[in-house]
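> can't give you the sequence, but here's the structure:
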């Protein structure tokens, strides 16, 4: 994997932040993932499309252990085609959209949410754009 994008925000990245990733899935290998990390380095939200099984998996890696994996069979991505994935957050869940289809809703497993301070996109695919923006949501 190649680190394509990384952003740090000391005030916390959830809820109210929106991550948009656009790119091109130019190989059949599952070498694309998005990770939201806490200030301690735990992966509080990991999302990975698996072209080989036409699934999208989500999980956490906290305290040195992976949690219970959640799998979505909604897979609107097409190998060799441009793709768009969007991850947003509210007070209870991460929401994942691909090609404007809702593919996954993942309950927050890490508190406080303000401790989610970093996001990274790892990919061997060609990325056209990565955009991280704060929406007008309150911290609640």
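Arrived safely. A quick note: this is a predicted structure, and the numbers were derived from the prediction, not measured.

> Name the helix or strand for the residue nearest the centre of the chain, please.
Closest to where the C-alpha atoms of the chain average out (C-alpha atoms, centre = their mean) is residue 34, at 3.9 Å. Using DSSP states H and E, residue 34 sits in strand 32-38.

> What is that strand packed up against?
strand 17-24, strand 43-50, strand 82-89, strand 116-123 (3 or more C-beta pairs under 8 Å, 6 or more residues apart in numbering; DSSP states H and E). From N, CA and C alone the C-beta is placed, and that goes for glycine too.

> Distance to residue 99 for those - can I get that in a markdown table?
Below are these laid out as a markdown table (distance: least, C-beta to C-beta, whole Å):
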| stretch | distance to residue 99 |
| --- | --- |
| strand 17-24 | 11 |
| strand 43-50 | 11 |
| strand 82-89 | 6 |
| strand 116-123 | 17 |
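
> can you tell which of those is closest to residue 104?
With C-beta to C-beta as the criterion, residue 104 lies closest to strand 43-50 of the helices and strands packed on strand 32-38, at 7.3 Å.

> Residue 1 is nearest to which of the helices and strands packed on strand 32-38?
When the helices and strands packed on strand 32-38 are compared (using C-beta to C-beta), the closest one is strand 116-123, at 4.0 Å.

> re the thing from before, for the helices and strands packed on strand 32-38, which one ends up most surrounded?
strand 43-50 (a mean of 22; mean count of other C-beta atoms under 10 Å).

> could you point out where the protein is predicted with low confidence?
Within the chain, the segments meeting pLDDT under 70 span 27-28, 136-140.

> do you know which of the helices and strands packed on strand 32-38 lies nearest residue 74?
For those, proximity to residue 74 was assessed by C-beta to C-beta; strand 43-50 is nearest, at 10.9 Å.
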